[in-house]
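Asks: Next one to model:
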Amino acid sequence: MQLSRAEFERRYAEGHLRIALIGMSNIGKSYTGLRLATAFDFELIEVDKLIRETLGHDDMEAFAAWQGQPYSEGYEAREAESRALESAATQRALNWESGNAILDTTGSVIYTEHSVQKTLVRDWFVIHISASDDAVERLKLQYFKQPKPLMWNGHYTRQPGQKPDNAILECYPKLLASRAADYAALADGTISSDVILDPALTIEEIFEALKPAV
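Replies: From the prediction side, this is the model:
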């Protein structure tokens with residue numbers, strides 16, 4: 001939903017501004033969403049939390065363990081189930097009707113049903129948190145340290161004799177590159193993860209950076 005700066009500020013003042021944060025898992029969506037909801041008049045809606053509630057999982061690690069790695073037995077079936085769950089949870093979140101809202105999407109929002117993506121871009125101001133080269137390296141390492149469910153969408157391949165985790169480290173940047181173009185196609189604006197994670201910037205300055213230029 002394209003907005004001018006004046007329209008962005010008017011919607012916020014009147015209590016019906018909807019901002020959706022998109023980007024890779026661990027890029028900073030949840031961190032930024034929580035900071036914005038704490039500092040400003042926003043309700044935070046977490047799609048991952050809605051999915052976990054549906055599955056009966058208490059935390060992200062349990063969710064990640066359920067989905068497994070792309071080389072795990074039964075992964076493709078669970079990935080398909082996860083895609084359906086995510087489409088339903090995201091649509092449920094998009095139906096928000098009251099007050100300003102920040103939507104913390106999953107990293108695989110770009111793989112949800114077309115009707116869900118259509119509603120997202122029609123009704124929400126979509127901000128893509130992009131990954132710098134340094135962020136890509138951080139995300140690769142964090143994938144193992146802080147497990148999150150991940151849809152590979154066919155981007156995981158393994159060479160003969162290659163260890164599964166080594167294949168993940170090799171394929172992960174390719175997955176990010178593929179997703180970057182898809183995120184950009186949905187977004188109304190883009191902000192670098194280096195900006196939102198900059199400790200020298202206040203949340204007020206970051207909120208200003210999210211606004212349209214004109």
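Asks: now the helices for the protein?
Replies: 5-14, 29-39, 47-55, 60-67, 75-94, 114-123, 133-145, 164-186, 193-196, 203-210 (DSSP state H).
Asks: Out of those helices, which gets the lowest mean score?
Replies: Among those, helix 133-145 carries the lowest mean pLDDT, a mean of 80.
Asks: what about stretch 56-69, how long is it end to end?
Replies: End-to-end distance of stretch 56-69 (C-alpha to C-alpha, to the nearest Å): 20 Å.
Asks: if we look at it, which residues are touching it?
Replies: 48, 51-52, 55, 74-75, 78-79, 82, 147-150, 164, 168 (C-beta atoms under 8 Å, 6 or more residues apart in numbering). Where you see a C-beta, it was placed from the backbone N, CA and C, and this is true even at glycine.
Asks: of those, closest to residue 157?
Replies: residue 168 (10.3 Å; C-beta to C-beta).
Asks: wait, that closest one sits on residue 150?
Replies: No - using C-beta atoms under 8 Å, residue 168 makes no contact with residue 150, being 9.4 Å away.
Asks: Between those two, which has more neighbouring residues?
Replies: A count of neighbours by other C-beta atoms under 10 Å puts residue 150 above the other of residue 168 and residue 150, at 25 against 20.
Asks: dump the residue contacts of the more buried one.
Replies: By C-beta under 8 Å, 6+ apart, the neighbours of residue 150 are 25, 64, 67, 107, 108, 143.
Asks: so the fifth one touches residue 152, yeah?
Replies: No - at 9.4 Å, residue 108 does not count as touching residue 152 under the criterion of C-beta under 8 Å.
Asks: Can you mark which positions in stretch 180-197 are buried?
Replies: Within stretch 180-197, the residues scored as buried using 16 or more other C-beta atoms under 10 Å are 180, 182-183, 186-189, 191-193, 195-197.
Asks: possible to save these as TSV with distance to residue 59?
Replies: TSV is the format used below for the buried residues of stretch 180-197 (distance: C-beta to C-beta, whole Å):
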residue	distance to residue 59
180	28
182	28
183	26
186	28
187	29
188	32
189	31
191	28
192	29
193	23
195	28
196	24
197	23
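Asks: picking up where we left off before, looking at residue 108 and residue 152, which one has more neighbours?
Replies: Applying other C-beta under 10 Å to residue 108 and residue 152 shows that residue 108 carries more neighbours, namely 23 against 19.
Asks: For burial, what's the neighbour tally of the spatially closest residue to residue 213 that is not a sequence neighbour?
Replies: Spatial nearest neighbour of residue 213, chain neighbours left out: residue 5 (6.9 Å); criterion: C-beta to C-beta, 6 or more residues apart in numbering. When neighbours are counted by other C-beta under 10 Å, residue 5 registers 12.
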